[in-house]
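Asker: only geometry, no sequence info:
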């Protein structure tokens with residue numbers, strides 16, 4: 001997934017939490033008689049934010065996996081060997097011992 005897409009998804013999530021918090025605080029501060037209803041609305045908004053955050057994380061992971069699949073397919077098309085997803089490059093990793 002493109003880093004800009006990840007950054008904008010994170011910014012959207014943070015904005016959602018911030019707006020929910022500000023609206024909830026304003027409701028609780030300025031509408032004393034509506035405190036139970038405002039609290040219920042705020043809790044509902046936060047719960048919705050949590051669900052939206054989970055959906056965004058799931059969508060980002062799905063996009064990352066699909067991009068990895070397409071990259072592997074492109075390498076296979078070029079006749080290159082595709083490393084396993086968990087492969088870590090260890091070129092020039094001299095850290096004081098022999099293998």
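Answerer: Looks like it arrived, so ask away. Note that the structure is predicted; figures quoted are calculated from it, not measured.
Asker: May I ask you to name the longest helix in this protein?
Answerer: helix 35-77 (DSSP state H).
Asker: what pLDDT, on average, does it get?
Answerer: Across helix 35-77, pLDDT averages out at 86.
Asker: which other helices and strands contact it?
Answerer: helix 3-30 (3 or more CB pairs under 8 Å, 6 or more residues apart in numbering; DSSP states H and E). (Each C-beta comes from the backbone N, C-alpha and C, glycine too.)
Asker: residue contacts, the residue positioned nearest the centre of the chain?
Answerer: Centroid-nearest residue in the chain, with CA atoms, centre = their mean: residue 57, separated by 3.7 Å. Taking CB atoms under 8 Å, 6 or more residues apart in numbering, we find residue 57 in contact with no residue.
Asker: Likewise for residue 23?
Answerer: So residue 23 contacts 42, 45 (CB under 8 Å, 6+ apart).
Asker: Phi and psi next, for residue 83.
Answerer: Residue 83 adopts backbone torsions of phi -70, psi 150, taken as degrees, to the nearest 10.
Asker: okay, now the nearest residue to residue 13 once chain neighbours are set aside: neighbour count?
Answerer: In this structure, residue 13 finds its nearest non-sequential neighbour in residue 53, 5.2 Å apart by CB to CB, 6 or more residues apart in numbering. By the criterion of other CB atoms under 10 Å, residue 53 has 17 neighbours.
Asker: what about the closest residue to residue 16 other than its chain neighbours, distance to residue 15?
Answerer: The spatially closest residue to residue 16, leaving aside those adjacent along the chain, is residue 49, at 5.0 Å (CB to CB, 6+ apart). Distance of residue 49 to residue 15, computed by CB to CB, to the nearest Å: 10 Å.
Asker: Much appreciated, bye for now.
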